[in-house]
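Asks: I'd like to go over a predicted model; first the sequence, then the structure.
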Amino acid sequence: MIEVGKKAPAVKLEDQNGNEINLADYKGKKVVLYFYPKDNTSGCTKEACNFRDSFPKFKGVKAVIFGVSPDSVASHKKFAEKYDLPFSLLADPEKKVLEAFGVWKEKSMYGKKYMGVERTTVIINEEGKISKIFPKVKVEGHTEEVLSALGE
């Protein structure tokens, strides 16, 4: 499990353009990793668009944003293009990073249990350590919470 103050797990995934993104390359920058369940679903679309609309403010605090879900590179490409997302979406179909961050969990809907992503945002500081964890994110007002935590 991840903890504030501990080193963030390694992240090496492909983005929507098929480029490998290695979190280790972002040392010296603040990184916002937001984990979401699925491309093109209502809550996930709203969350992505909120990050898109606040993108200039994140650049202002020198923070890099990455969205992470179990969707494929192709799915991410369509989603990013459809909503003109200015940040990378990372594909984790094997769920290695989702599991390393502890966001791949048993969920329940209508009494049925299934495995899925618990909407979570993690802020990683310039040294590669976790500085803030937002578990069970509610989409409304979330980008403001993240910006506030980054000191915007």
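Replies: Happy to help now that I have it.
Asks: please count neighbours and contacts with C-alpha atoms only from this point.
Replies: Fine.
Asks: could you check how far the closest residue to residue 2 other than its chain neighbours is from residue 26?
Replies: Counting by Cα to Cα, 6 or more residues apart in numbering, residue 101 is the residue found nearest to residue 2 once chain neighbours are left out, at 5.8 Å. Counting by Cα to Cα, to the nearest Å, the gap from residue 101 to residue 26 is 18 Å.
Asks: what's the helix or strand for the residue nearest the centre of the chain?
Replies: Centrality entry for the chain: nearest residue to the mean C-alpha point is residue 34, 1.9 Å, by Cα atoms, centre = their mean. If you go by DSSP states H and E, residue 34 is part of strand 30-35.
Asks: what lies in contact with that strand?
Replies: Applying Cα atoms under 8 Å, 6 or more residues apart in numbering, the external contacts of strand 30-35 come out as 62-69, 98, 103, 117-126.
Asks: thought residue 88 was touching residue 15?
Replies: Yes. Residue 88 lies in contact with residue 15 (Cα atoms under 8 Å); the separation is 5.8 Å.
Asks: more neighbours: the two, which one.
Replies: residue 15 (23 against 20; other Cα atoms under 10 Å).
Asks: what's in contact with the lowest-mean-pLDDT helix or strand in the chain?
Replies: Ranked by mean pLDDT, DSSP states H and E, the helix or strand of the chain with the weakest confidence is strand 104-109, at a mean of 88. Strand 104-109 is contacted from outside by 95, 98, 113, 114, 115, 116, 117, 118, using Cα under 8 Å, 6+ apart.
Asks: mind listing what that strand pairs with, with the direction of each?
Replies: strand 112-117 (antiparallel) (DSSP bridges).
Asks: so where is this protein shaky, pLDDT-wise?
Replies: 152 (pLDDT under 70).
Asks: tell me which residue lies farthest from the centre of it.
Replies: Most peripheral residue of the chain (Cα atoms, centre = their mean): residue 111, 27.3 Å.
Asks: how much space between the closest residue to residue 20 other than its chain neighbours and residue 113?
Replies: Counting by Cα to Cα, 6+ apart, residue 14 is the residue found nearest to residue 20 once chain neighbours are left out, at 4.4 Å. Using Cα to Cα, we find residue 14 at a distance of 29 Å from residue 113.
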